[in-house]
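[1] Here's a sequence, model it:
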Amino acid sequence: MRCPTCLAVDDKVVDSRLAEDGVAIRRRRECLTCGRRFTTYERLEETPAVVLKRSGHREPFDRAKILEGLRAACKNRPVTEEALDELVTQVEEEVRIEGPELTSERCVCSRSRPRPSPGPERPGAGPPGRWVTSRATVEEER
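    Reported below is the predicted structural model:
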């Protein structure tokens, strides 16, 4: 760190502690040339996530756009707003872990989707002796 008074590069850290609820580190430094003390703050620099579209252009990750798309996909389905919000939070965390650039398919498709309950059973839709639902085949009890 360069001293703000004499612009020397030599200094020593006198004190370090967390600041801003753990988001930053506050360091008290002392210049070894002029003896002046000064404070520096160290923060994590987050790079904004960028989504690579199929067309090849890039756009910034937008949480609201993901939520809007999920609302449209789950319209008239028994999915609560809290479940959608939780799913968007999971996607956002995965985007941060994945890296600064990812494809639009990987944004949401990698997460498990909220699924509706299976439809009503209907006899005769499958092989003899079986009942078929929209998601599973069940043996008929004999």
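
[2] CA only for contacts and neighbour counts going forward, please
    Fine.

[3] Helices of this protein, residue ranges please.
    63-73, 81-98, 104-109 (DSSP state H).

[4] Quick one: closest of the ones you listed to residue 41.
    helix 81-98 (23.2 Å; Cα to Cα).

[5] how near is residue 65 to residue 95?
    14 Å (Cα to Cα, to the nearest Å).

[6] which of the two has more neighbours?
    residue 95 (20 against 11; other Cα atoms under 10 Å).

[7] Tell me if I'm right that the more buried one and residue 48 touch.
    No - using Cα atoms under 8 Å, residue 95 is not in contact with residue 48, being 10.0 Å away.

[8] just the strands in this protein please.
    With DSSP state E applied, the chain shows strands at 11-19, 24-31, 37-43, 50-52, 58-60, 101-103, 122-123, 130-132, 137-139, listed in chain order.

[9] Can you redo these as CSV, where the extra columns are distance to residue 89, mean pLDDT and mean neighbour count?
    Formatted as CSV, the strands of the chain follow (distance: least, Cα to Cα, whole Å; pLDDT from 0 to 100; neighbours: other Cα atoms under 10 Å):
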stretch, distance to residue 89, mean pLDDT, mean neighbour count
strand 11-19, 26, 93, 14
strand 24-31, 23, 94, 18
strand 37-43, 23, 92, 14
strand 50-52, 16, 81, 20
strand 58-60, 16, 86, 13
strand 101-103, 17, 67, 16
strand 122-123, 38, 54, 12
strand 130-132, 36, 51, 18
strand 137-139, 34, 43, 13
